[in-house]
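[1] Need the 3D shape of this:
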Amino acid sequence: MHLAVYLPLLPSLAAALSARWLAARLDPRLATWLLTAAALVLATASTITLGLLVIAGLVRIPLVTEAGRLSRTVLASTDTTSQFVSLAAGLLLAAAAFATVRALRHRARALLAAARQARRLPGTGDLVVIDDPAADAFTLPGLPGRIVVSTRMLDGLTEAERVALIAHERAHLRHRHHWFTTAGHLAATLNPLLKPVSRAVSYTVERWADEHAARAGGDRRLVARTVAKAALLKADHPPRAAMTLGITGTELATGGPLPRRVAALMAAPPRRRLLLVAAVAATLVLTGLCTLEAVHDLEDLLEAAGA
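    Down below sits the predicted model:
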């Protein structure tokens, strides 16, 4: 096994360091697709890398070497992977697999529960207004998906702000944003280095919905005001349970994503920055090539040892 086996791990670190920067500079729709794809590619590459390191250690165990009729001399002279590295890779791979299975079950149950709740809501349209003293607005993915807004939230907004809020939530529903956040979450569970990428995807889907509402109403400042106002209403009249996708949030006082969303809406619309996208895409392609090279290295090692 050569240096190529470790190279797919480096882009994960680069992605963690650059995810927030990319999310702030790219068009949010493009950023969501790009960051989600990056998370999936890098999580897959890192998992394959750990698997290759585990196999490289397993084939050097005497029982496995004899069963596979492999040459110990060739393995020792050709493969520089230490048993400690293979053991560490095995532990990391097992922990990641266990955590991912748990996260997948939890997310699947949450999505199924949301779909059941959406089916039980009254009415036939996508918008449901509930009489609730808590201020909230969120989407429930399902077939069909529903937009839920409380009367307390509507009472605190002007007519134009209500339209902006509904447009924001409708964007979540129409573009299936829950699948992007689910993919990012699972990728980060498989490779914890990608947690900043997962958080960036959660931010960009909200920015995507913000920009959709701004284009629909033609007033970016109105949407910015609606985002801030809805968050303040929710803080004053908190809901009983938090939802995954919604215009409101709790980050207004902590300098989190919500103030960044408001600031982005107060600025000019984001540009596509195709050169930046091309650079990220090229990095992902190189990661894939390095992973394939590592796989070929292991195949060559096993062929040489079995000759």
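
[2] Excluding chain neighbours, what is closest to Arg160?
    Not quite, residue 160 is Ala, not Arg. Leu222 (5.9 Å; Cβ to Cβ, 6 or more residues apart in numbering). For glycine as for every other residue, the C-beta is placed from the backbone atoms N, C-alpha and C.

[3] Keeping just the C-alphas, turn the strand or helix carrying the one you found into CSV.
    Assigned by DSSP states H and E, Leu222 belongs to helix 220-236. Output of helix 220-236 as CSV, limited to C-alpha atoms (Å, rounded to 0.1, in the frame of the first residue of the first chain):
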residue,chain,number,x,y,z
ARG,A,220,-35.0,41.0,-0.2
ARG,A,221,-35.3,43.4,2.7
LEU,A,222,-38.8,42.2,3.4
VAL,A,223,-37.6,38.6,3.6
ALA,A,224,-34.7,39.7,5.9
ARG,A,225,-37.2,41.5,8.2
THR,A,226,-39.5,38.4,8.1
VAL,A,227,-36.7,36.1,9.1
ALA,A,228,-35.6,38.3,12.0
LYS,A,229,-39.1,39.0,13.2
ALA,A,230,-40.2,35.3,13.1
ALA,A,231,-37.1,34.4,15.1
LEU,A,232,-38.0,37.0,17.8
LEU,A,233,-41.6,35.8,17.9
LYS,A,234,-40.4,32.2,18.4
ALA,A,235,-38.1,33.3,21.2
ASP,A,236,-40.9,35.1,23.0
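
[4] hang on, the earlier thing: what's the separation between the residue nearest to Ala160 and Ala16?
    35 Å (Cβ to Cβ, to the nearest Å).

[5] before we move on, what about Leu233?
    As judged by Cβ to Cβ, Leu233 and Ala16 stand 34 Å apart.

[6] Same question for Leu111.
    Relative to Ala16, and taking Cβ to Cβ, Leu111 is found at 26 Å.

[7] Please identify which of the two sits among more neighbours.
    Looking at Leu111 and Ala16 with other Cβ atoms under 10 Å, you find the greater number of neighbours at Ala16, namely 20 against 17.

[8] Touching, that one and Leu193? I think so.
    Yes: between Ala16 and Leu193 there is a contact under Cβ atoms under 8 Å: 5.2 Å.

[9] List the residues that contact Leu302.
    59, 68, 70 (Cβ atoms under 8 Å, 6 or more residues apart in numbering).

[10] Out of the residues you listed, the closest to Glu161 would be?
    For those, the closest approach to Glu161 (Cβ to Cβ) belongs to Val59, at 64.0 Å.

[11] For the closest one, what are phi and psi?
    With angles defined as degrees, to the nearest 10, Val59 sits at phi -70, psi -10.

[12] for Ala213, same thing?
    Backbone torsions of Ala213, given as degrees, to the nearest 10, read phi -60, psi -40.
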